[in-house]
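**Student:** let me see the structure of the following:
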Amino acid sequence: QVQLVESGGGLVQPGGFLRLSCAASGSIFSIDAMGWYRQAPGKQRELVATIARDGSTNYADSVKGRFTISRDNAKNAVYLQMNSLKPEDTAVYYCKQDIRATKWSFEDHYWGQGTQVTVSS
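**Tutor:** Predicted structure coming up:
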């Protein structure tokens, strides 16, 4: 079984920063894309940022220039550095990793449990 564990959420003032982490454990043969998504109350889950295995990245327009996604393939981990946070960034943040559990497995999408980020004065 594969499990993703997130950490790093919390309450921060506008203009502040947070760093989210997400590490996968269990039966893992390879990991392709990794990403962060968020869901605010009453809204659909939306993409925040993704990073491919080769390190190429993609960001939502709303976070470009403020958030940075990175990964550590040796640790099966993905990170999201969030700077200049705004109240509209308040949401539950979820990580996703596209993982092949064994050499013979198809790729599956695995999600973290979610971590709350609240930006408020």
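**Student:** with just CA atoms, put stretch 104-113 into CSV.
**Tutor:** What follows is stretch 104-113, C-alpha atoms only, in CSV (Å, rounded to 0.1, in the frame of the first residue of the first chain):
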residue,chain,number,x,y,z
TRP,A,104,4.2,-4.4,-13.5
SER,A,105,1.6,-1.9,-12.1
PHE,A,106,-0.2,0.8,-14.0
GLU,A,107,0.2,4.3,-12.7
ASP,A,108,-2.3,5.4,-10.0
HIS,A,109,-3.1,8.7,-8.5
TYR,A,110,-2.5,9.0,-4.8
TRP,A,111,-3.7,11.8,-2.6
GLY,A,112,-2.6,13.2,0.7
GLN,A,113,-5.0,13.7,3.6
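**Student:** tell me the buried residues in that stretch?
**Tutor:** By neighbour count on 16 or more other CB atoms under 10 Å, the buried set for stretch 104-113 is Y110, G112. For the C-beta atoms, the positions are set from N, CA and C on the backbone; glycine is no exception.
**Student:** figure out how far it is from the centre of its chain.
**Tutor:** Put simply, stretch 104-113 sits 14 Å off its chain's centre (CA atoms, centre = their mean, to the nearest Å).
**Student:** OK, contacts around C95?
**Tutor:** Contacts for C95 (CB atoms under 8 Å, 6 or more residues apart in numbering) come out as L4, E6, L20, C22, M34, G35, W36, Y37, V78, L80, W111, G112.
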